[in-house]
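Q: what's the 3D shape of this:
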Amino acid sequence: KLNFNKKTLIAIAACIILIAVCGFAIYKHMAAPAMEYDEALQLMEEGKWDEAIQMLLDPAEKGYVLAGYYMAVALASKGEYEQALTWAKIVVNSEIEEEGKKEVNELIKKIEESIEEQQKAEQEKIERQNEIERLKNVTKEGVEAFKAGKAEKALQCWKEAAEQRFVPAMFYLAQACSRRGELNEAIAWLEKLMKFNLDEAGAKKCKGIFDYCVQQKEIYNKGLDLFREGKYQEAIENFKISASRGFLKSQIMLADLYSDDQRGQVDENESYKWYRMAAEQGDVVSQRKVGIRTFNGTGTDANTEEGIKWLTLAAEQGDVVSQCILAEIYYDGNGIERDYINAHKWAKLAADQGVAKAQYMLGRMYLAEHGVKEDFDTAIQLFVSAAEKNCVEAQLKLGFIYRFGVGKISKDIGKAIEWYLMAAESGNAEGQRELINLYRESGDYYSEKESFKWCKVLAEAGNVDEQRELGKYYYEGFGTEPNKKEAYHMIYLSVLAN
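A: Okay, here's the model as predicted:
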């Protein structure tokens, strides 16, 4: 028997009560989550992830491993992989058996794979959005280019976007091709468009473009048939129908016919009008023709600034003829202040494309230090390149350089004759006259005959000076047998001409 006083008994009783309370709390802490797992799993099976997560959150935060595991599963199933991975790592780092760790590691691996796939999907989504934005900008760039009269640039932009199945660009491209008369191309894009699930407005627009293609092709072809039959006036009336509806080929045909006195009724005002319409649709050749006509005042009021604007628009799109014309205008100061810098710019663009006339002009600039630093060697190279392409001006320039010896080039009559001969054989009178003088100065019998030959060519072409000179040749027997009758005849012709 133990004998306790009253205070000791009270203390023992208090300890027993405390142990009982703590034990109940520990039981509640351990047992309560286990009682909720079945309900949480049921919610997860029903796909009620948020409710299951809410139920598991408190015990998981209090360290219950099973609750943490189910939290990871629920969060992963919901697609919240980063949070799921956090819970899975907490669980795997807990004091659990190896078999349990193996299972959790499998879960972690699957979650990490899902994170990688999610990141890849998000990256692909960003890339798709960026690509769509890029295609929008490319299409917009095409629209702006078309408004600025740069149809080729516009078509290039729209085609780039259309080939990536960007529907707005496909519409623009189909419509542009239909108006340009590229009907097969237009129909091909329309067929591609119809494969999309277009709304009623889109389908109606497609049909409208298709009907336009069919109608304008029929009208244009009928006009061509009339043209080939020599029925030019009927052809004109036919072309007017489709031209007034924006059909580019008909506009160009009308413009050409109105400026052709052999096949059409010449009307420069009408010709300018249709060229202008075609130019506004971005046709580069029409832009050049509008530029020339506006600059010269053909079919419209002369306007130097407006003419240069149209020529520049064509030149910027690679039209070498417009580039050469602009180079001449700026070099000669034709209607504007002389500008060697711009002259060099346009001449070089054309020369780099192998245009003989531009190479000759550029050579002159290098020789005379106009708009560019003097470079004699480059000038000669450009002259030779142009001359070999039958540029008469370059042939004459090289003939002069070798005849008199210019710069680094020593006098060489033989080479001078070679270059002058090329010009002469092209029918150039200046080259022929230079040959007459060079051969006459040589003094040998062969040269006399050549001098006589070219003198006769010019005389028979009606040149008074050469008629008189040929009379002397016949009289003196220079390069030919003496013939006083022919001598008097040629001198008589020159006298009559005077």
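Q: After whichever strand or helix holds Glu133, heading C-terminal, what element do we hit next?
A: Per DSSP states H and E, Glu133 falls inside helix 98-147. On the C-terminal side of helix 98-147, the closest following helix or strand by DSSP H and E is helix 151-162.
Q: For the helix holding Glu133, name the packing helices and strands.
A: Judged by 3 or more C-beta pairs under 8 Å, 6 or more residues apart in numbering; DSSP states H and E, the packing partners of helix 98-147 are helix 65-78, helix 81-92, helix 151-162, helix 167-180. Bear in mind the C-beta positions are built from the backbone N, C-alpha and C, glycine included.
Q: Let me see the mean pLDDT of it.
A: If you average the pLDDT over helix 98-147, you get 92.
Q: helix/strand/coil for Asn334?
A: coil (DSSP: H, G, I helix; E, B strand; the rest coil).
Q: Nearest residue to it in space, please, no chain neighbours.
A: Glu328 (6.9 Å; C-beta to C-beta, 6 or more residues apart in numbering).
Q: The one you found: neighbour count?
A: When neighbours are counted by other C-beta atoms under 10 Å, Glu328 registers 16.
Q: That one is in what secondary structure piece?
A: helix 320-332.
Q: ok, which stretches of the stretch 201-350 of the chain are helices?
A: For the stretch 201-350 of the chain, applying DSSP state H, counting those that start in this stretch gives helices covering 232-243, 248-258, 268-280, 284-296, 304-316, 320-332, 340-351.
Q: And these: which comes nearest Leu135?
A: helix 304-316 (24.9 Å; C-beta to C-beta).
Q: Buried residues of that closest one, list them for me.
A: For helix 304-316, a neighbour-count test (16 or more other C-beta atoms under 10 Å) marks Gly307, Ile308, Lys309, Trp310, Leu311, Thr312, Leu313, Ala314, Ala315, Glu316 as buried.
Q: just stretch 242-250 next, same as before
A: Within stretch 242-250, the residues that count as buried by 16+ other C-beta under 10 Å are Ser242, Ala243, Gly246, Phe247, Leu248, Lys249, Ser250.
Q: Output the residues you listed in CSV, with pLDDT and distance to Phe383 appended to each entry.
A: What follows is the buried residues of stretch 242-250, written out as CSV (pLDDT from 0 to 100; distance: C-beta to C-beta, whole Å):
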residue, pLDDT, distance to Phe383
Ser242, 93, 48
Ala243, 94, 45
Gly246, 92, 46
Phe247, 94, 45
Leu248, 94, 40
Lys249, 93, 40
Ser250, 94, 44
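Q: Determine which two of those are furthest apart.
A: It's Gly246 and Lys249 that sit farthest apart of the buried residues of stretch 242-250, by C-beta to C-beta, at 10.8 Å.
Q: Now do Phe4, the pLDDT please.
A: In the predicted model, Phe4 carries a pLDDT score of 41.
Q: For Trp189, grab the count of nearby residues.
A: 25.
Q: any idea which element it lies in?
A: Per DSSP H and E: Trp189 is located in helix 183-194.
Q: what about Leu135, how many neighbours?
A: Counted with other C-beta under 10 Å, residues neighbouring Leu135 total 20.
Q: Kindly report the same for Glu337.
A: Here the count is done by other C-beta under 10 Å, and Glu337 has 6 residues near it.
Q: where does it fall, phi/psi-wise?
A: phi -70, psi 140 (degrees, to the nearest 10).
Q: residues in contact with it?
A: Glu337 makes no contacts at all, as judged by C-beta atoms under 8 Å, 6 or more residues apart in numbering.
Q: Now the spatially most central residue of the chain. Nearest residue, chain neighbours left out?
A: Nearest to the geometric centre of the chain sits Lys153, at 4.3 Å (C-alpha atoms, centre = their mean). Spatially, and ignoring its direct neighbours in sequence, Lys153 is nearest to Ala145 (4.0 Å; C-beta to C-beta, 6+ apart).
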